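Chemist: sequence? don't have it. structure:
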């Protein structure tokens, strides 16, 4: 696989690794970075305790991994899920993060795309198509210029965790498909790398 492949298309092309004998060893020999070793191993759960924050977060991550397997940031193991209210995930570009929570301190669930101080040009480029983004994702979508954040939130109080997670996963996938071209390739004007997705802006 080369840099000519859109980052969201990597997952569907993993079969190419079958053509390389012992790809893990080859990667280990070629890598200058030591592999990250997770300190917690995820175990498949049958009985979820949704009064426990760690179970809620693990359930959210499980649903994201199962329903959006091509977004590789969800595949990384997260630590501190027992006391983490908001789960941060990389978006494939330095300074851009996807944040998710089933319930914040104001009883809201949200998906947010946050841009750090050096990445506002991408934020403003996306904001130029705010109306189209709202059509694709939902009227609840907001652009917070003072924080360089795109957010979609809704009240989670009174909803079941499963219902809230279903809606979050749906919104997260729309965020990924709508904003990935701009975030990953827009700043460099790499239009040749853009892909047309169901929710592309």
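Modeler: Sure thing, it's come through. Being a predicted model, the structure only gives us computed values, none of them experimental. Numbering: from 1, shown residues only.
Chemist: state the distance from the nearest residue to residue 145 once chain neighbours are set aside to residue 133.
Modeler: Spatial nearest neighbour of residue 145, chain neighbours left out: residue 127 (7.6 Å); criterion: CB to CB, 6 or more residues apart in numbering. Every residue, glycine included, has its C-beta placed from N, CA and C. Taking CB to CB, to the nearest Å as the measure, residue 127 falls 8 Å from residue 133.
Chemist: find the residues that touch each one of those two.
Modeler: Counting by CB atoms under 8 Å, 6 or more residues apart in numbering, the contacts common to residue 127 and residue 133 are residue 150.
Chemist: of those two, which one has the most company?
Modeler: For residue 127 versus residue 133, neighbours defined as other CB atoms under 10 Å are more numerous around residue 133 (22 against 14).
Chemist: how about residues contacting the helix or strand containing the more buried one?
Modeler: Under the criterion of DSSP states H and E, residue 133 resides in helix 130-137. Outside helix 130-137, the residues that touch it by CB under 8 Å, 6+ apart are 126, 141, 143, 150, 152, 171, 174, 175, 178, 199, 201.
Chemist: mind listing what's buried in that helix?
Modeler: The neighbour-count check on helix 130-137 (16 or more other CB atoms under 10 Å) flags 133, 136, 137 as buried.
Chemist: let me have those in JSON lines, extended by distance to residue 118.
Modeler: JSON lines is the format used below for the buried residues of helix 130-137 (distance: CB to CB, whole Å):
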{"residue": "133", "distance to residue 118": "22"}
{"residue": "136", "distance to residue 118": "27"}
{"residue": "137", "distance to residue 118": "25"}
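Chemist: for those, which one is nearest residue 105?
Modeler: Nearest to residue 105 among the buried residues of helix 130-137, counting by CB to CB, is residue 137 at 23.9 Å.
Chemist: about what we covered before: residue 89: which of the contacts of helix 130-137 is nearest?
Modeler: residue 175 (10.6 Å).
Chemist: need the contact list for the closest one.
Modeler: Residue 175 neighbours (CB under 8 Å, 6+ apart): 98, 111, 113, 137, 150, 152.
Chemist: now do the helix or strand hosting it and helix 130-137, the angle between them.
Modeler: According to DSSP H and E, residue 175 maps onto helix 161-181. Here helix 161-181 runs at an angle of 140 degrees relative to helix 130-137 (axes from the mean of the first three to the mean of the last three CA atoms, to 10 degrees).
Chemist: just the buried positions in helix 161-181, please.
Modeler: Buried residues in helix 161-181, counted by 16+ other CB under 10 Å: 161, 164-165, 167-169, 171-181.
Chemist: for the nearest residue to residue 176 once chain neighbours are set aside, give me phi and psi.
Modeler: Using CB to CB, 6+ apart and skipping residues adjacent in sequence, the residue nearest residue 176 is residue 71, 5.3 Å away. Residue 71 has phi and psi values of phi -90, psi 100 when expressed as degrees, to the nearest 10.
Chemist: tally of neighbours for residue 71?
Modeler: When neighbours are counted by other CB under 10 Å, residue 71 registers 25.
Chemist: sounds good, over and out.
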